[in-house]
Structure formats: C-alpha cells, structure tokens
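Asks: Need the 3D shape of this:
(one chain, ligands or ions: 3)
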Amino acid sequence: MKKITILGSTGSIGTQTLDILSREPDRYQVEAISAGSNLELVIAQAKQFRPKTVCLATKSLAEEAKLHLPKGTNVLYGNEGLIETAAATDADTVVTAIVGSRGLEATLAAIDAGKHIGLANKETLVTAGHLVMRRAAERGVSVLPIDSEHSAIFQCLNGERRADVKRITLTASGGSFRDRTREELQGVTVAEALNHPNWSMGAKITIDSATMVNKGLEVIEAHWLFGLSYDQIDVIIHPESIIHSYVEFVDHSIIAQLGLPDMRVPIQYALTYPERRPTPTESLNLAKLSALHFREMDFDRYPCLRSAYESGRAGQSVPTVFNAANETAVARFLEGSITFLEIEAVIAKVLDQHQATDVPDVQSIAAVDAWARTVAANI
Ligand SMILES: NC(=O)C1=CN([C@@H]2O[C@H](COP(=O)(O)OP(=O)(O)OC[C@H]3O[C@@H](n4cnc5c(N)ncnc54)[C@H](OP(=O)(O)O)[C@@H]3O)[C@@H](O)[C@H]2O)C=CC1
Ligand SMILES: CC(=O)[C@@H](O)[C@H](O)COP(=O)(O)O
Ligand SMILES: [Mn+2]
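Replies: Ligands and ions are numbered 1, 2, ... in the order given. From the prediction side, this is the model:
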C-alpha cells in the first residue's frame, strides 16, 4: 500500500491525483489532504478517501470543516498546519499540488521528513531550487516531476547518461492568445485569457501559459530538476500539445514523449515510477491527427520568457523576484486591477528595482519574496 499526501487536493492537479488513486484503492491510501478554501469539495474528498489529516487555509475554515468532517479527523490550518500535514504523517510520497511559492516550506518539511515528492508546484523550484534539490539529495528522497514537460524529459532520459545529453526542448502550446499579435492583446478579458486551447488547469497557471511565464518557470524548473545549463534548455511552440517535450543527444538522436494532453498520465507516472500502469486516457492515434505543427519561439512576442531566462541565469534572489512579482501581477489581473499586458510591465518594473542578493535559506527567500510582492502590488 502506497501512502500519499496531497497538498492542494481541491485544485486541478489535486482532483486528478485523487481520480488516479480512486481507480486502484488496493494500491493507495490517502494519508492527508490540504485545501485552501473549497470546503464543500474537501469535505466530500475526506468522506470518500478518509485521510487522517485535513488542512485548510485559515482557522475559521478549519473550525467550519470540523463540523462536517468524519469523526477523528485531525484538522489543521495555516502555514504551520500545512507543514505538519506535509511532514508529520506516515505518507511515503507528498504530491505538491498547491499553487504558488506558499508551497515551499511545506515541501522542504516533507523532504526533511524523508517523504518522496511528486512535484507539480513548480514555483517552489523556481524560488528555491537550490535548497529543494540539495535537501532532497542530502535526505536521499526523490523529486519526481508531475509537470507534463518535465515528466516527458524524465521519461526520455530514462537509462541515458547525462553526459550524452546535448539539449532538451520544452514544448509550449502558445496559450490562449497564441494566434494574436501583441497589438491584439490590448483589452483582452480575463475570460478570454482563461480559455486555454488544450489543457483544463487552475486560473494562475492558465494565465501564466498565455503570458509564456509558465514556460519561463518551466525552464528554471528543468534547470534544477535535470542539472542542465540554461544554454541546454530550448523552448519551441507546438500548438497541439501532443509532443510533451524532447531530448537531443550528442549523436543528434532525439527522443520525445508523446500522448494526448491528460495530466493523469504524468501524475500517475510520478506515483508508480519505475512501473507503468494503465491510465484512463485514450490512446494517441497519429494517423487520425495527421499533422503536428511547430514554430520558433518569438521572444519579442513573449518578453516574459526572455525575462525568465535572464532571471534564471542571474540566479541568487532574481528567480524569487521574478516568481513573486508574477504571482502578484496575475492575482491583480484576475481581480481586474491591471490589464493583461500590464502583467509583464509589473514583472519588468519589479526586476528593474531589484538588487540581486544571496538567498541561502528559507528566511532570506521569504524576505525577498515579500519585498517583490509589495512592490508589485503598488505599481
Ligand atoms: N493544472 C495543471 O494541469 C498543472 C499544474 N501545474 C502546477 O501545479 C500547481 C497547482 O496547479 P493547479 O492544480 O492548476 O491549481 P488550482 O488553482 O486548480 O489549485 C490550487 C490548489 O491550491 C490550493 N490553495 C490555493 N490557495 C491556497 C492557500 N492560500 N492556502 C492553501 N491552499 C491553497 C487550492 O485550494 P482551494 O481551491 O480549496 O482554495 C487548490 O487546492 C501549480 O504550481 C501549477 O503551476 C503544473 C503542471 C500542470
Ligand atoms: C499541463 C502542463 O504541464 C502545463 O504546464 C502546460 O504545459 C501548459 O501549457 P503551455 O504552457 O504549454 O501552454
Ligand atoms: Mn507544464
């Protein structure tokens, strides 16, 4: 029996993880789940999966939840509760499906407690990849990617020697505005931006996909997961999201991973690796598709991707600032206080005002993160 904890069980990745677990109840036990504020769903999940621990974002939500959760459930809340949920259970694996860098401390606590990580929460690696990967290596736990591109690269690298890798290429759908010019981005609405062509995901990552910040975060995530230099990480636009990413080796052979866009495949692989199990997704029929399309990345069309590469290369506190400025700008766009194009303007202004510093620990990362959020909120 594999014991799983899910941080962010009520979101897109969280619910798809539970869907996978529900299909093989004899293989999995849900140890603990955490949610933000979706009480109705987390209560229904607790009734179905009977986790020992449930965590909510605030004390008042936790008190309300207690009235409806199965008797004996350990109910926690807030950041302290999230850390306890991640670390103080019998789980073997923690799936980090919470959104944003708020997942960092809990991810580190899970690693310190010897839990393997199924990592969806890419912001934690962007803001503190050096800490997460070092602590995982020291503790001897694996950080297995759930993000579709990184799962693809991980699968392509299986059995290969790192020294034989020439470069990797992450595919990008182009997001909700992939067929619009920059001029046509003036005045686009939140609803239009949330309409991703291929994937059904949470709001924040869907906006990130439209600005190409998502691919920028993924470039930095790949740098940490696979130990590659930024010169070895490319991005290409592939509107169909069928090739999830690929690796080119020194002999110019390319190995790619393909499949219909369904996150349950990479989620399950992170849980069953090195075994493969059947999934509910359909088989890919290439003859039926007939054509796949690719185009060169245009860094002038997507300046946030250039900015992400620059932030990753600069290192130190700069990726933390890039991430925190983006999280704040996206929240402001979603609440209607800035326009879509102002997301990239906010990120650029915050980065402009920042003086890079070392971020050797969680406290220094938290301080830089808070600074960037304050600046981004007031532009
Ligand atoms: N969705 C996808 O297909 C993919 C997602 N990812 C990454 O996975 C992560 C999750 O994405 P996704 O599932 O789309 O996001 P969602 O917005 O769908 O879900 C986010 C989860 O985080 C919880 N949450 C939000 N705010 C708080 C808070 N303040 N305290 C505690 N919990 C909170 C939400 O709880 P509640 O809803 O109860 O408030 C929810 O469970 C992100 O890092 C994303 O980049 C990576 C690849 C693909
Ligand atoms: C499903 C997944 O992994 C997302 O990160 C996805 O990649 C978003 O799509 P694009 O960023 O390519 O539009
Ligand atoms: Mn992805």
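
Asks: could you pull out the helices for the stretch 51-200 of the chain?
Replies: 59-66, 78-87, 104-112, 122-139, 148-156, 190-193 (DSSP state H, counting those that start in this stretch).

Asks: quick one: is the first one near ligand 1?
Replies: Which is helix 59-66. No: using CB under 6 Å from any ligand atom, helix 59-66 never reaches ligand 1; the gap is at least 8.8 Å. All C-beta atoms are positioned from the backbone trio N, CA, C, and that covers glycine.

Asks: likewise stretch 164-183?
Replies: No: judged by CB under 6 Å from any ligand atom, stretch 164-183 makes no contact with ligand 1; its nearest approach is 11.7 Å.

Asks: how close does the residue in the chain positioned nearest to ligand 3 sit to residue 368?
Replies: Nearest residue of the chain to ligand 3: residue 147, at 4.3 Å (CB to the ion). Applying CB to CB, to the nearest Å, the value for residue 147 to residue 368 is 24 Å.

Asks: one step back: is it correct that the residue of the chain closest to ligand 3 is in contact with residue 120?
Replies: Yes: contact criterion CB atoms under 8 Å: residue 147 and residue 120 qualify, at 6.3 Å.

Asks: Have a look at those two and say which one is more surrounded.
Replies: Higher neighbour count among residue 147 and residue 120: residue 120, with 31 against 28, using other CB atoms under 10 Å.

Asks: Now the stretch 1-150 of the chain against ligand 2: closest residue?
Replies: The stretch 1-150 of the chain approaches ligand 2 most closely through residue 148 (3.4 Å), counting by CB to the nearest ligand atom.

Asks: Tabulate the helices of the stretch 51-200 of the chain in a markdown table, adding columns for mean pLDDT and mean neighbour count.
Replies: Compiled in a markdown table, those are given as follows (pLDDT from 0 to 100; neighbours: other CB atoms under 10 Å):
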| stretch | mean pLDDT | mean neighbour count |
| --- | --- | --- |
| helix 59-66 | 98 | 15 |
| helix 78-87 | 98 | 21 |
| helix 104-112 | 98 | 24 |
| helix 122-139 | 98 | 22 |
| helix 148-156 | 98 | 25 |
| helix 190-193 | 98 | 15 |
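
Asks: can you list those helices in JSON lines and add distance to residue 169?
Replies: Supplementary listing: these in JSON lines, determined by distance: least, CB to CB, whole Å:
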{"stretch": "helix 59-66", "distance to residue 169": "42"}
{"stretch": "helix 78-87", "distance to residue 169": "33"}
{"stretch": "helix 104-112", "distance to residue 169": "27"}
{"stretch": "helix 122-139", "distance to residue 169": "17"}
{"stretch": "helix 148-156", "distance to residue 169": "9"}
{"stretch": "helix 190-193", "distance to residue 169": "26"}
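
Asks: What residues does residue 320 make contact with?
Replies: 101, 126, 127, 128, 359, 365, 368, 369, 372 (CB atoms under 8 Å, 6 or more residues apart in numbering).

Asks: How much space separates it from residue 360?
Replies: As judged by CB to CB, residue 320 and residue 360 stand 12 Å apart.

Asks: Identify the residues contacting the closest residue to residue 199 other than its chain neighbours.
Replies: Closest residue to residue 199 apart from its sequence neighbours, by CB to CB, 6 or more residues apart in numbering: residue 261 at 5.5 Å. By CB under 8 Å, 6+ apart, the contact set of residue 261 is 148, 198, 199, 241, 242.

Asks: shouldn't the first one be in contact with residue 262?
Replies: No: under the contact definition of CB under 8 Å, residue 148 does not touch residue 262, with a separation of 9.0 Å.

Asks: Go ahead and confirm residue 372 touches residue 354.
Replies: Yes: the pair residue 372 / residue 354 is scored as a contact, 7.1 Å apart, by CB under 8 Å.

Asks: related to what we said a few turns ago, any idea of the pLDDT on the residue of the chain closest to ligand 3?
Replies: On the pLDDT scale, residue 147 is placed at 98.

Asks: Would you enumerate the residues in contact with it?
Replies: Neighbouring residues of residue 147 by CB under 8 Å, 6+ apart: 119, 120, 122, 218, 221, 266.

Asks: Among the residues you listed, which ones are in strands?
Replies: residue 119 (DSSP state E).

Asks: from the contacts of residue 147, which single one is nearest residue 377?
Replies: Nearest to residue 377 among the contacts of residue 147 is residue 122, at 22.3 Å by CB to CB.

Asks: Report the spatially nearest residue to that closest one, omitting neighbours in sequence.
Replies: residue 221 (4.5 Å).

Asks: going on from the lowest-mean-pLDDT helix or strand in the chain, what's the next piece of helix or strand?
Replies: Sorting the helices and strands of the chain by mean pLDDT, DSSP states H and E puts helix 286-289 at the bottom, at a mean of 93. Next helix or strand after helix 286-289 toward the C-terminus (DSSP states H and E): strand 295-296.

Asks: List of residues touching that next one?
Replies: The contact list for strand 295-296 (CB under 8 Å, 6+ apart) reads 236, 237.
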